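Trainee: What follows is a predicted protein model with its sequence.
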Amino acid sequence: MAQTDHYRETLRFATTGFVGRAELEAAPILSRRDLDGAGDAIRSELATYAFSSYSSGTTESPVIIDRSAEEQNYLTEFFNLLNRDDVAIPRLALLAASWHHGRRLELPGNICVLAVSLAARTGYDIAHRLLSRQFRTGGPTHIAVIAGATNRIEQLTRYLQLRESDGFPDIDELHVSGQYLSERSKTYLEEYWRAPVHDTYSLTELFGSAFRCIECGLYHFHPFIFPEAVDLVSGQRISKGRGRLLLTGLYPFTQMTPIIRYSPGDVVEVSPIVCSIGRPGFQFLGRVARALILQSGKGPNWILTGADVIEAVGTINEVAIFRDPAPIPEECQGVGAPKFGVLPSIPETLAIELTFDPKVEPERTNRIGQLIRDRLAANAPQAAQPSLRALKLRLVPPGTLDAISVSRP
Ligand SMILES: [Zn+2]
């Protein structure tokens, strides 16, 4: 694993060549900037280049991840062996594909993927026509699975809702990823499609993902990823509570670009092992860049996350919605994430954009402010209440949040 100049330097303490769970804590945190900046120094000298994938770069500059032929071959053999007893039922899946990620690792499976781009107007029309038609496959005749980025699938649903009020009865399941899936969005999708929505956490930088457990309701990572949560301030590993997510990819699933204690920039809540999966449970609570550490209350520090804010303001119509910069159909705007951000220069302050000017309607603004505070308090544990009272809310007029804060979800 450490056959790279980067890890020969940062893992010097590991004299045996193997690093255990406890010893791993001595390894430094690898940020996206470190990963990007390391270049060839982090790529394994033992692997043969095959292709590259790219992280999306929505919040920072994108990272180019090299993959090897050995990795692709190993994964193909592994999944063929794992699925050898499966009865082959071919299925048709509509995938909201993104060309921003380059080529991804390909896994064997009995699924026929129909890729469309929902970052452009035409993709919505194509998706509508594909979902409406029959296919002569010798097996299933309709698309049964829909997969893609959470916001794109919500936008597609809005587009179809205006055209096909009866929906598509052949859909068996939806798979979404890439953004926090609010309770409101989950309900919206499940009611229209009349099918379960599964959201997974995955990232380009590392093979594997986390999926929601039907037993405990929390997320577990695949066993070939070692996840940790560390305190946002001290960087110390925690086994319970909210902190920064760190991920380590295990050999031989990750080979050419070894990832050790990588911080994708996400806040999680980690729980000790509670179910028969036998691994810790995680909840994904949004980006570290949009989390607030509330310290000035009388209680312990409380980390207010993007997920908390989305759940609190998601049904308030006066809160502005993030406008998608992609050239999507106009009617699909307005189903995205609420517009809020933290102010880098003013601590403990949450800025939320409204659909009207607060100066013109001060009473209405106060009412909304109180409603947001009440909802945040209702969703938080007792211990967090004093810290939440220290939170400063700034409600801003339409079109002004981008100038003062990072508002992109
Ligand atoms: Zn579980």
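Mentor: Received, thanks.
Trainee: use CA for all of it now, contacts and neighbours both
Mentor: Noted.
Trainee: residue ranges of the helices in this structure, please?
Mentor: For the chain, applying DSSP state H gives helices covering 5-10, 32-38, 69-82, 121-132, 150-161, 183-193, 306-313, 362-379, 385-389, 401-404.
Trainee: List just the one of those that sits closest to the ion.
Mentor: Closest approach to the ion among these is made by helix 183-193 (19.2 Å; CA to the ion).
Trainee: report the angle between the axes of that closest one and helix 150-161?
Mentor: Put simply, helix 183-193 runs at 40 degrees to helix 150-161, going by axes from the mean of the first three to the mean of the last three CA atoms, to 10 degrees.
Trainee: Give me the mean pLDDT for helix 183-193.
Mentor: For helix 183-193, mean pLDDT rounds to 95.
Trainee: now the angle from that helix to helix 306-313?
Mentor: Using the same axes, to 10 degrees: helix 183-193 against helix 306-313 is 70 degrees.
Trainee: how long is stretch 94-104 from one end to the other?
Mentor: End-to-end span of stretch 94-104 (CA to CA, to the nearest Å): 17 Å.
Trainee: quick one: contacts of that stretch?
Mentor: By CA atoms under 8 Å, 6 or more residues apart in numbering, the residues outside stretch 94-104 that reach it are 51-56, 113-119, 127, 131, 143, 145-149, 152-153, 204.
Trainee: let's go with 7 Å and repeat that
Mentor: Residues outside stretch 94-104 that contact it (CA atoms under 7 Å, 6 or more residues apart in numbering) are 51-56, 113-118, 143, 145-149.
Trainee: Gln333 is nearest to which of the helices of the chain?
Mentor: Closest approach to Gln333 among the helices of the chain (CA to CA): helix 150-161, 7.2 Å.
Trainee: what does the chain have sitting close to the ion?
Mentor: With CA under 5 Å from the ion as the criterion, the chain comes near the ion at residues 213, 216, 275.
Trainee: May I see those residues organised as CSV, with neighbour count, pLDDT and distance to Ala384 added?
Mentor: CSV is the format used below for the residues of the chain next to the ion (neighbours: other CA atoms under 10 Å; pLDDT from 0 to 100; distance: CA to CA, whole Å):
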residue, neighbour count, pLDDT, distance to Ala384
Cys213, 14, 94, 27
Cys216, 14, 94, 24
Cys275, 15, 94, 27
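Trainee: Which strand in this structure has the most residues?
Mentor: When the chain is parsed with DSSP state E, its longest strand is strand 241-249.
Trainee: Just want the most central residue of the protein.
Mentor: For the chain, Gly178 is the residue whose C-alpha lies nearest the centre (CA atoms, centre = their mean; 3.6 Å).
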